[in-house]
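K.L.:
A structural model of the following input is requested.
(chains A, B and C)
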Amino acid sequence: MTTVTRSLPKTSTPAVPLRRPKATTGFWSWFTTVDHKKIGIMYGAAALFFFVVAGVEALLIRLQLAGPNGTVLTASQYNTMFTMHGTTMVFFVGMPMAVAFGNYFVPLQIGARDVAFPRINAFGFWVIAAGGIFMYSSFLLGGAPNGGWFGYTPLTSTPIAGGALPGHGPDFWAVGLVMLGIGSTTSAINFIVTILNMRAPGMTLMRMPVFTWMMLIVAFLTVFAIPPLTAALIMVFFDRNFDTLFFVAAKGGDPLLYQHLFWIFGHPEVYILILPGMGIVSEVLPVFSRKPLFGYSVVIFSGIAIGFLGWGVWAHHMFATGLGPVTITAFGLATMLIAIPTGVKIFNWLGTVYGGAVKLTTAMLFSLGFVAMFTLGGLSGVMHSVVPADTQQTDTYFVVAHFHYVLFGGLVFAIFSGFYFWWPKIFGHFLDERLGKINFWVMLVGFNVTFFPMHILGLTGMPRRTYRYPAGYGWTGLNQIVSVGGFLVALATLIFVVNVIFSAVKRKPAGGDPWDGRSLEWSIPSPPPSYNFAQTPIVMARDDWWHHKYTEDAEGRLVALPTGGSDDDSPSAAIAKVNAHASEADGRGIHLPSPSFYPLLVAAGLPFLGYAAVYQDIYYLIPGLFLLLFGIYAWGLEPGTEEH
Amino acid sequence: MTPRRSRGRRLVLVAAAFLAVALAGCSEELKNNKQNSLQPKGPAAEKINNLFVPVTAIAIFIGIAILVAVVVLAIRFRYRPGKNENPKQIHGNTKLEIGWTILPALILAVIAVPTVSTIFDLAKDPGPQALNVVVEGKQWWWQFSYPDQKVVTADELVIPAGRPVKVHLTACNGTGAAKVCNVIHSFWVPELNGKKDVVPGHDNWTTIEADNPGTYLGQCAEYCGLSHANMRFRVIAKSKDDFAQWVSDQQQGPAVPLLGPDGKPAGDAQDLVVNTFACTNCHILDDSSKAAYGPNLTHLASRSTFASGTYPLTRDNLIKWVMNAPSMIPMESQGCRLPPGEKPCVGMPSFTENTPKGLPSMTRTQAEQIADYLLELK
Amino acid sequence: MSTVDTTHDTPGNDGPGPDSPGATPARLTPGDVVPVDPGHGGDDSHTGVANAKLAMWLFLSSDCLFFGAFIATYLLYRDRGGQTGPTPKDVFSIPFTSVTSFILLMSSLAMVLALAAIQRGDYRRFRIWLLATALFGAVFIGGQIYEFTEFTRKGLNVSTNLFGSSFFVLTGLHGAHVTVGIVWLMSLWGMSMQGRLTQGDAERVEVAGLYWHFVDIVWIVIFTVIYLLPQP
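P.N.:
Numbers count the residues shown, from 1 in each chain, chains lettered A, B, ... in the order given. The predicted model follows:
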């Protein structure tokens, strides 16, 4: 790789509109940071915050449904609650949380010092934060989104005057999600370029950790899935506000066009959500079984297969819409097909644990929980692929059970596994293991108590998105159990928050490699110095860090290498030694990308443009455009790294 | 690390939780709630159930197997310092990979074959012997019309038992410039068939057939706005003769006339309905062959429920409804008018608060008069 | 001193290749710079395409799907029966649009020439061709605006019929892309005038060029699909 030097003509001085921030520590530095680690932490904190918000929305739903003909919420409030619960969990929790882990750990796992475009990385975060604030501001501005998290037309696309869904809720929803799409796409492009172009020498693609691989696949999925969503949202917004006819059936428009466009995004989206979780589990299980991932290549290729096949199953969300037997057969079979690579992964994870030396740390418990719960969710998914049965199950609590098993029992469990696994690396101290185990068990029980009965509720006739149900259907008892479970889940979340605070106070210090890890992030101190690697590592094998510590004997049994690797003269080992003990001060000679105001500034312009769109008011357009254009120009003129 | 026994205890707790849930699901009330897809009462629902049960059995078996595997592996291979600290580093096993790729594929293939044949079976047109019914989804009630019998009703779909019924699903009415469409709904009677969406602009149809006379409950299954939860209906299957009688009764004129021979309201209640509160802007009370904006009420009293099946048809309920319908079912009808002026009526307006422009408030006496009149419309 | 790499906007990747004989000292301290061996160390861990260019390719592939969704919508709705109001035949002027399309095509040629100019350090020609590109683009936009007003005068707007909705939104979004491109090109022109765009920055121009060519290609697809393909 040739590096290009830029030479400034000596005569001109760069005209910099704002003096560049210099601080890389301290409270205000977080607003201008371009450090992938800090950005990762911000993503994680934001996602956790929204997790609690969406959780409260769920609790309100469960309070309303705890008894028949509930009056805790009005119909209108309830409809907003389930819309915002779904929208928040998918777009402001699931995706950002994956990006949080990806941001922090992908550069570390590939031996890089940062991502390809650090300022764009920061921009992606601020856009998502702005999008969340923008969408939630609608609560105070006359009505939050209430069209369901997938916002079917013509319910959402009928103009306000038509009365289908009054208020600006759907407008905030559409515009907010377009904003989010911008953040997600830029983030994804950043990840792809980083992973493809910035791996340490010797790190071939097939030597990359599984988590990084999954983030690569997810990034490609994001880049291709978000545009159809953006297109669909633009059409909804235009129908609603400018009287276009995209979904006006009376003039020949087709509401199913929206569904096709949405689900062409929506199905890859669920893989965007789950693959990072699968990546995390693929890191945790080998470390705490002290064995490599069983069938690494197969797990990778299954992930790639899922990435491709995921584009061919979208209409399985539309089996009841009248597509005709040929179409639904094709999509039903494709859906069954995609169960195969998914199942293969499950077996590979079990194969990893088999014959290992299993340490049931909290991270391991959550990952094992993932394997079990995700399997259950996958099985109910297979039941959905049986199309005639799906016509009874779809749009009922059965499908609600299905997707919560894969997204909560799957993704959320994987996220918590990631928290407990990587917390010592990020913060330099452990999350308390005892509280962690209580966290796990309460969450496992609570989760199952909440979502298992929903299978039965759906099969016995309870549709989803209903703000109340009558007495006399036999649903009351089950709903009460579900509601109790919901509060157990809330309790588990509270225990986690308590753990975070307690552990921060207790500060049980963790070294660079507290778990005897396998990948490169464990080869540097905890927390890592700002420059990550004192020397860029030379990668000699998959699970490279592990191979600095262990080798295998003739039978394949693990043999620990002498500590300090004193008999290893290779450049790779020398570099690893330097990296493991480097401190912040040792990075004096290393130039990192400089902080910048502009990502935040440009991102701040977007909500103004959003309000301009929703209210069609030029007074918002002007500051928004100003921030956007000024910010982009100044950003373009600003060098990535300031010369000292 | 927790000792084996307390972990075992925890697992028992989890299993007990599952069991409690399963047991709670087995109540009689639940089983017989008439909206239970696991209680098929017609050929289509039976075919679906025949596919569902074995697939579910396989899924449950595999689910339990994996659950047990996870638990057993975690316990059996736990870290024992000094004994298995450095386990054999197995990287993979090609034969196993092939095996556990082919096995799920085979199971899925076995499931796929009856699935596909059932899809095509259920998609077959029921043929000329089927009764044709047109179902129109509105916000938030169901209109049922019988084109061959020229009958229009609402909320309760009466069909002959033992005979297929072809249900034409529409969300639009009118043609050309007068075409008006609603939002997407979904027609679902679990004990008779799976659901089929009502999509504006599409000519979806489905078949229902009840093996025996009885009542089968249904509900809209696609979120359609504020009162989606209240958009219920019922299918009432009657014997061949009873059905013929019902059709004939529905085809009659109103039991009590709306207008006299001079074209003026035939009584005080009718005067309230036609002139004072303009009910006839949205409802038809004297001709069961026509559809209007709101439900056709010509034979309202022949039904046992109203307000999209959410309330039994009783005097008290009717009085409350005509006075202040939005208090019983939330609707978007504050101050609305039909034909749509400033604000279209999505649902029925209230006559005690936010009354439609230009119309007076309704007193209780007036409501009682109207309710009594409605109850005579058998 | 590690090189300041502003083009890539990343910290320098200064690790050695896996086998650079004699290049690594026996003991390393942090901050040591190990010389890069350009022959090695890159092949397996780098695509060979610079970061910014790779990013632009990815963005453009994303934009492909975006336009694809609108083009598919147009095709779906073009043949829908029951539409009233002006049809494509009623409003399109193929000769006129052919001319504006040709002008846009020529702008891509100008862009190529502009890039070639800055790559060989000919800043004057670079600015001329860049201006030409932007000018042609602006003429195209002018043609679009004229066309839109003509159509509106003939009774076709976004709410008239499905054809109107899908046509205006698709071509409007394309026009917005072209406009952004013109602004970008003029910014590069401005920077060059201030002496802030040199031969070493040719890659920035190349990336802008990629965007510009993409916008042009999308128009070729739109022109073919919407204007040229036979109407039912």
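
K.L.:
what segments of chain B are helices?
P.N.:
Secondary structure of chain B (DSSP state H): helices at B:4-24, B:28-31, B:43-76, B:94-122, B:240-251, B:268-271, B:315-324, B:364-375.

K.L.:
reformat the ones you listed as a markdown table; add distance to chain C and mean pLDDT.
P.N.:
Where you see a C-beta, it was placed from the backbone N, CA and C, and this is true even at glycine. Formatted as a markdown table, these follow (distance: least, C-beta to the nearest C-beta, whole Å; pLDDT from 0 to 100):
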| stretch | distance to chain C | mean pLDDT |
| --- | --- | --- |
| helix B:4-24 | 43 | 61 |
| helix B:28-31 | 44 | 90 |
| helix B:43-76 | 31 | 96 |
| helix B:94-122 | 25 | 96 |
| helix B:240-251 | 33 | 96 |
| helix B:268-271 | 40 | 93 |
| helix B:315-324 | 37 | 96 |
| helix B:364-375 | 39 | 96 |
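
K.L.:
A:A100 is nearest to which of those?
P.N.:
helix B:43-76 (26.9 Å; C-beta to C-beta).

K.L.:
quick one: list the elements packing against the closest one.
P.N.:
helix A:325-353, helix A:362-385, helix A:387-393, helix B:4-24, helix B:94-122 (3 or more C-beta pairs under 8 Å, 6 or more residues apart in numbering or on different chains; DSSP states H and E).

K.L.:
who touches the residue positioned nearest the centre of chain B in this structure?
P.N.:
Nearest residue to the geometric centre of chain B (C-alpha atoms, centre = their mean): B:Q219, 1.5 Å. For B:Q219, the contact set (C-beta atoms under 8 Å, 6 or more residues apart in numbering or on different chains) comprises A:G461, A:P463, B:Q35, B:W188, B:M231, B:R232, B:F233.

K.L.:
before we move on, what about A:A320?
P.N.:
Counted by C-beta under 8 Å, 6+ apart, A:A320 has contacts A:D390, A:T391, A:T394, A:D395, B:S186, B:G194, B:K195, B:K196, B:D197, B:A221.

K.L.:
circling back: out of the helices of chain B, the one nearest C:Y227 is which?
P.N.:
helix B:94-122 (41.1 Å).

K.L.:
list the buried residues for the closest one?
P.N.:
By neighbour count on 16 or more other C-beta atoms under 10 Å in any protein chain shown, the buried set for helix B:94-122 is B:97, B:100-101, B:104-105, B:107-108, B:111-112, B:114-116, B:118-119, B:122.

K.L.:
burial measure for the residue of the stretch 251-400 of chain A at minimum distance from chain B, as a count.
P.N.:
The nearest approach of the stretch 251-400 of chain A to chain B comes at A:T391, 2.5 Å away (C-beta to the nearest C-beta). Residues within reach of A:T391, counting by other C-beta atoms under 10 Å in any protein chain shown, total 28.

K.L.:
what of B:G253?
P.N.:
13.

K.L.:
one more: A:L459?
P.N.:
A:L459, neighbours per other C-beta under 10 Å, totals 23.

K.L.:
which residues does it contact?
P.N.:
A:Q392, A:Q393, A:T396, A:F398, B:N36, B:S37, B:L38.

K.L.:
tell me the one of those residues nearest A:N439?
P.N.:
A:F398 (28.6 Å).

K.L.:
any residue of the helix or strand bottoming out on mean pLDDT in chain A touching chain B?
P.N.:
Within chain A, no helix or strand scores below strand A:558-560, which has a mean of 82 by mean pLDDT, DSSP states H and E. Yes: applying C-beta under 8 Å from any C-beta of the partner chain, one finds strand A:558-560 in contact with chain B at A:L558, A:V559, A:A560.

K.L.:
tell me how far that strand is from the chain's mean position?
P.N.:
Distance of strand A:558-560 from the chain centroid (C-alpha atoms, centre = their mean, to the nearest Å) equals 36 Å.

K.L.:
residues touching it, excluding its own?
P.N.:
With contacts defined as C-beta under 8 Å, 6+ apart, strand A:558-560 is touched by A:R290, A:K549, A:Y550, A:T551, A:E552, A:D553, B:E85, B:N86, B:P87, B:K88, B:Q89.

K.L.:
for beta bridges, what are the partners of the third one?
P.N.:
In this case it means A:Y550. A:A560 (DSSP bridges).

K.L.:
and which of the residues of strand A:558-560 next to chain B is nearest B:A269?
P.N.:
Using C-beta to C-beta, the residues of strand A:558-560 next to chain B come closest to B:A269 at A:L558, 90.9 Å.
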